[in-house]
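Student: what's the 3D shape of this:
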Amino acid sequence: MIGKLLRSTFVALIVAPMALVIIHVLAFWLEWFQYGIHLTLYNGTSLTIYTIVTWLLFMAPPAFKFHNFVSIVVAWLFAWYIAADWVKDRRVDLVSPFLTVGVLLLYLAAWRHTSILLYFPESFTLFFTAWVMGVILSVRDKFRKKKTFFELLEERGFKLKAEEKFGVQIPIKCKHCGAVIHSYPKYCWNCGREL
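Tutor: As a prediction, the model looks like this:
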């Protein structure tokens, strides 16, 4: 579980800032303000990691404006979707947001020597978005039809004959010597006899 937790946290720490920046850069380049969407993180100048992190934690005052707030929520939702779908462990979905916030706060406090000012409930939106995404993926996985390996191959254009499709439980044990085999060979790697 520790490995999955670290992977989920790493993905969230990479994807959320990237998604937020992409949303704001697109808004600037495509001039979304003409349509009444005012996103103010990016204005054509360079961005710092510090600025992005303070926005993601809702510590920057402009982050509370409606369109900015929505863009941050969308960035977190996207990050948690990617992280949760990759890790596929709902227990990790509950714990990973705490580790993610801890890393972001550690960056601000230890590296930038910034005083931490969190607002309730805004600063805790990332927990809510993580849990919402975990529930959505759990429901999706529960109702999604499980596909076999052969069905996935056929979806991608590989046509297989009926005799080429057979299921194998791996690992198997050699019936002669009892060796554990993690593939489906014709002969045992240990005793050399035919399986």
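Student: Check the spacing between the spatially most central residue of the chain and Phe58 real quick.
Tutor: Centroid check for the chain by Cα atoms, centre = their mean gives Ala83 as the closest residue, at 1.4 Å. Applying Cβ to Cβ, to the nearest Å, the value for Ala83 to Phe58 is 20 Å. Placement of C-beta: from N, CA and C, glycine included.
Student: Kindly report the same for Phe143.
Tutor: Distance from Phe143 to Phe58, by Cβ to Cβ: 34 Å.
Student: The two: which has the busier surroundings?
Tutor: Counted by other Cβ atoms under 10 Å, Phe143 and Phe58 do not tie: Phe58 has more neighbours, with 22 against 7.
Student: and that one, what does it touch?
Tutor: 64, 69, 72, 118-119, 122-123, 125 (Cβ atoms under 8 Å, 6 or more residues apart in numbering).
Student: from what I can see Thr54 touches Leu108, true?
Tutor: Yes - shown here, Thr54 and Leu108 form a contact pair, counting by Cβ atoms under 8 Å, at 7.4 Å.
Student: Give me the common contacts of those two.
Tutor: Thr114.
Student: what's the neighbour count on Ser123?
Tutor: Ser123, neighbours per other Cβ under 10 Å, totals 17.
Student: Can you mark which positions in the host helix or strand of Thr129 are buried?
Tutor: If you go by DSSP states H and E, Thr129 is part of helix 125-143. When neighbours are counted by 16 or more other Cβ atoms under 10 Å, the buried residues of helix 125-143 are found to be 125-127, 129-134, 137.
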